[in-house]
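**Student:** Here is a sequence together with a model predicted from it:
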Amino acid sequence: IVGYVGRFVKEKGIDILIKAISKIQNCRLILVSKGDYEKELKKLTSYLKMEDRVYFFTKVVHKELKSYYNSFDVFVLPSETISQWKEQYGRVLVEAMACGLPVVGSSSGAIGEVIKGYPKALIFREGDVDDLVEKIKEVKKLEFPENFNLDDFLYKFSVKNFVKEHIVFYKKLLK
């Protein structure tokens, strides 16, 4: 089961993800969110005859997200760079990693920086359906090393660490 959580907008690359899933046998896709692009995504799903393999969940409250993440075998953030936008951070990547999930992200924006150092993460060339297919298949082989501490890794994304880093940054500016 491949999962996606995020806005249903074109620049999130969900159409690329649906096309990739269509090429992987015995694979299902759960899409969690809502947005203006939902109708087009459902048309693509229908065109590819994947209605029985792609599930849309659009009325999910934030406190329920953990249950969705924990139902995924892999999380994918397939964002695509457009002239006015590229992925800035991808909080959903941190949420997926906090659940110990393997993650696959596109090469758009800051995705590579966010997942850097996470042993169960792969990057695919944004917009490349075949590369995404290969990464989804390959992610099954990834494991945490014995000495990997998920809590230590996730600390860098904590509010406490962000505040500390901002203080350091502003002190440097004031000097």
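**Tutor:** It's in.
**Student:** now the strands for this structure?
**Tutor:** With strands called from DSSP state E, the chain shows them at 2-5, 29-32, 54-57, 74-77, 103-106, 121-124.
**Student:** Could you identify which of the ones you listed is most buried?
**Tutor:** Greatest average neighbour count among the strands of the chain goes to strand 103-106 (a mean of 28), per mean count of other C-beta atoms under 10 Å. (C-beta placed from N, C-alpha, C; glycine too.)
**Student:** Just give me the longest helix of the protein.
**Tutor:** Using DSSP state H to define each element, the chain has its longest helix at helix 159-174.
**Student:** And the contacts of it?
**Tutor:** With contact meaning C-beta atoms under 8 Å, 6 or more residues apart in numbering, helix 159-174 is reached by residue 155.
**Student:** Use 47 as the first number from now on
**Tutor:** Fine by me, first position is 47 from now on; the one you just mentioned is helix 205-220.
**Student:** what pLDDT, on average, does it get?
**Tutor:** For helix 205-220, mean pLDDT is 89.
**Student:** want to throw the strands of the chain into TSV with mean pLDDT?
**Tutor:** Listed next are the strands of the chain as TSV, based on pLDDT from 0 to 100:
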stretch	mean pLDDT
strand 48-51	98
strand 75-78	98
strand 100-103	97
strand 120-123	98
strand 149-152	98
strand 167-170	98
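**Student:** Please tabulate the ones you listed in TSV and include distance to residue 93 as additional columns.
**Tutor:** Listed next are these as TSV, based on distance: least, C-beta to C-beta, whole Å:
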stretch	distance to residue 93
strand 48-51	19
strand 75-78	15
strand 100-103	12
strand 120-123	20
strand 149-152	22
strand 167-170	23
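**Student:** Relative to residue 157, how far out is residue 144?
**Tutor:** To residue 157, residue 144 is 16 Å away according to C-beta to C-beta, to the nearest Å.
**Student:** neighbour-wise, which of these two wins?
**Tutor:** When neighbours are counted by other C-beta atoms under 10 Å, residue 144 and residue 157 differ, and residue 157 comes out ahead with 26 against 15.
**Student:** hey, C-alpha coordinates of stretch 189-202 in PDB?
**Tutor:** Presented in PDB, the C-alpha positions along stretch 189-202 are these (Å, rounded to 0.1, in the frame of the first residue of the first chain):
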ATOM      1  CA  GLU A 189      16.000  -1.100   6.700                       C
ATOM      2  CA  PHE A 190      17.100   0.800   9.700                       C
ATOM      3  CA  PRO A 191      20.700   0.100  10.800                       C
ATOM      4  CA  GLU A 192      21.000  -1.400  14.300                       C
ATOM      5  CA  ASN A 193      22.500   1.800  15.700                       C
ATOM      6  CA  PHE A 194      19.900   4.200  14.100                       C
ATOM      7  CA  ASN A 195      17.900   6.100  16.700                       C
ATOM      8  CA  LEU A 196      14.700   7.500  15.100                       C
ATOM      9  CA  ASP A 197      14.000   9.900  18.000                       C
ATOM     10  CA  ASP A 198      17.500  11.400  17.700                       C
ATOM     11  CA  PHE A 199      17.000  11.800  13.900                       C
ATOM     12  CA  LEU A 200      13.600  13.400  14.400                       C
ATOM     13  CA  TYR A 201      14.900  15.900  17.000                       C
ATOM     14  CA  LYS A 202      16.100  18.100  14.200                       C
END
